[in-house]
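In: Okay, predicted coordinates and the sequence, questions at the end:
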Amino acid sequence: MLEAREIRWKQDNKVILQDINFHLSPGECVGLIGPNGSGKSSLLKILAFLETPTSGQLYFQGQLIPKSIPLSIRRKIAIVFQESLLLNTRVFDNVAMGLKIRGLSKGEIRQKVDYWLEQFGVIHLSKQASRSLSGGEAQRVSLARAFAIEPDVLFLDEPFSALDAPTKEGLRIDLAKVFKSTQTTTVLVSHDFKDIAHLTNRALILLNGQVVAEGSPAELLRNPHKEEVNRFLGYFTT
C-alpha cells in the first residue's frame, strides 16, 4: 500500500530523518513512537506527502511518487492532527466538507455524515457550532470527517495528546472498535505506548531520527534489543 525506501530529510542543515525504510500493508495499523524530537511526526508528514524528503523514494499502491503529488493521490489519504482544525461552521458541515469536494449527492452526504457522527458518539452535536465543542468532542468530529471520505490510508498525528485521561481513554476505545469494523489502513503517531499497544498491529520506535526497533507492541516490550529502547519503554512499564 505504502512504502518508503532510504528516506533522509534535512532542515536548516540539520538531519531530521536518516536511512528510514517503512512499509504499510492494506488493513494494517502501524504505530510510530518515540520521545519528543525523535522524528516520528516528521516521518508521518513525509509519508502523508506533506513534506518532500531530501533523498529516498516513496511508493503508493505500487507507484513511485513524484515530487509534485497528483491530486488524485492526495484525495486517497486523510490526516487527523493533534489539534482538531475544524472549520468555523456546524459540525455537520465540517464532516460533509470532503464529501462535497468529491461530488457526492446530498443524500449520500447526509447518510455518510450521520453514520460517522454516530460511530464516534457525536450525532447529537450535528447542528452545533464547531467552536462550541470541547476538545474531546472536536477530535471525535475530526475523526468522523476523516473516516467519512473512506481514505485508502489514514494518518493520525498524536490525536489524543491534547485530551485529559478519561476523554482519551474513551476515544481510544471507540477508535479501536472502528478500526476493527473498517480495517482502515492507518499510520498512528504517538509518544504514549498505551496508544500503540491498544490500536496498532506493528510499531516502529524512532530515536534521533532513526528506526531503532520494529515489531508488534508485545514483541517490543518482551525483547527491546537495545538498551536505549529498553530505557524508553521502561517509562511505560514502571
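Out: Here it is on my side, so go on. Numbering: from 1, shown residues only.
In: which stretches of this protein form strands?
Out: Assigned strands in the chain, in chain order: 2-11, 14-24, 29-33, 55-60, 63-64, 77-80, 153-157, 186-190, 202-207, 210-215 (criterion: DSSP state E).
In: Dump the ones you listed to JSON lines, plus mean neighbour count.
Out: Where C-beta positions appear, they are placed from N, C-alpha and C, glycine not excepted. Rendered in JSON lines, the data for the strands of the chain read as follows (neighbours: other C-beta atoms under 10 Å):
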{"stretch": "strand 2-11", "mean neighbour count": "17"}
{"stretch": "strand 14-24", "mean neighbour count": "17"}
{"stretch": "strand 29-33", "mean neighbour count": "25"}
{"stretch": "strand 55-60", "mean neighbour count": "16"}
{"stretch": "strand 63-64", "mean neighbour count": "10"}
{"stretch": "strand 77-80", "mean neighbour count": "22"}
{"stretch": "strand 153-157", "mean neighbour count": "23"}
{"stretch": "strand 186-190", "mean neighbour count": "25"}
{"stretch": "strand 202-207", "mean neighbour count": "23"}
{"stretch": "strand 210-215", "mean neighbour count": "18"}
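In: Check what pLDDT P70 gets.
Out: Turning to P70, the model gives it a pLDDT of 87.
In: pLDDT score assigned to the closest residue in space to P26 that isn't next to it in sequence?
Out: Nearest-residue entry for P26: M1, 5.0 Å, with adjacent residues in sequence omitted and distances by C-beta to C-beta, 6 or more residues apart in numbering. According to the model's per-residue confidence, M1 sits at a pLDDT of 88.
In: and if you look at R231?
Out: You'll see R231 listed with a pLDDT of 66.
In: Equivalent analysis for G34, please.
Out: In the prediction, the pLDDT value recorded for G34 is 90.
In: same check, this time on the one 3 residues further on
Out: Model confidence at G37, given as pLDDT, is 88.
In: in stretch 100-117, what counts as buried?
Out: Neighbour-count burial for stretch 100-117, counted by 16 or more other C-beta atoms under 10 Å, picks out 104, 109, 112-114, 116-117.
In: Among those, which ones are in helices?
Out: Within the buried residues of stretch 100-117, membership in helices is found for 109, 112-114, 116-117, as judged by DSSP state H.
In: L133 and D164, how far apart?
Out: Note on L133: its distance to D164, by C-beta to C-beta, to the nearest Å, is 15 Å.
In: out of these two, which sits in the more crowded spot?
Out: More crowded of L133 and D164, by other C-beta atoms under 10 Å: L133, with 20 against 11.
In: Spatially central residue in the chain, please.
Out: In the chain, the C-alpha closest to the average C-alpha coordinate belongs to L156, at a distance of 1.6 Å (C-alpha atoms, centre = their mean).
In: what about that one, distance to H191?
Out: Distance, L156 to H191, using C-beta to C-beta: 13 Å.
In: cool, I77 as well?
Out: According to C-beta to C-beta, I77 and H191 sit 23 Å apart.
In: Repeat that for I79.
Out: If you measure I79 against H191 using C-beta to C-beta, the figure is 18 Å.
In: Mind naming the longest helix for the chain?
Out: Using DSSP H to define each element, the chain has its longest helix at helix 165-182.
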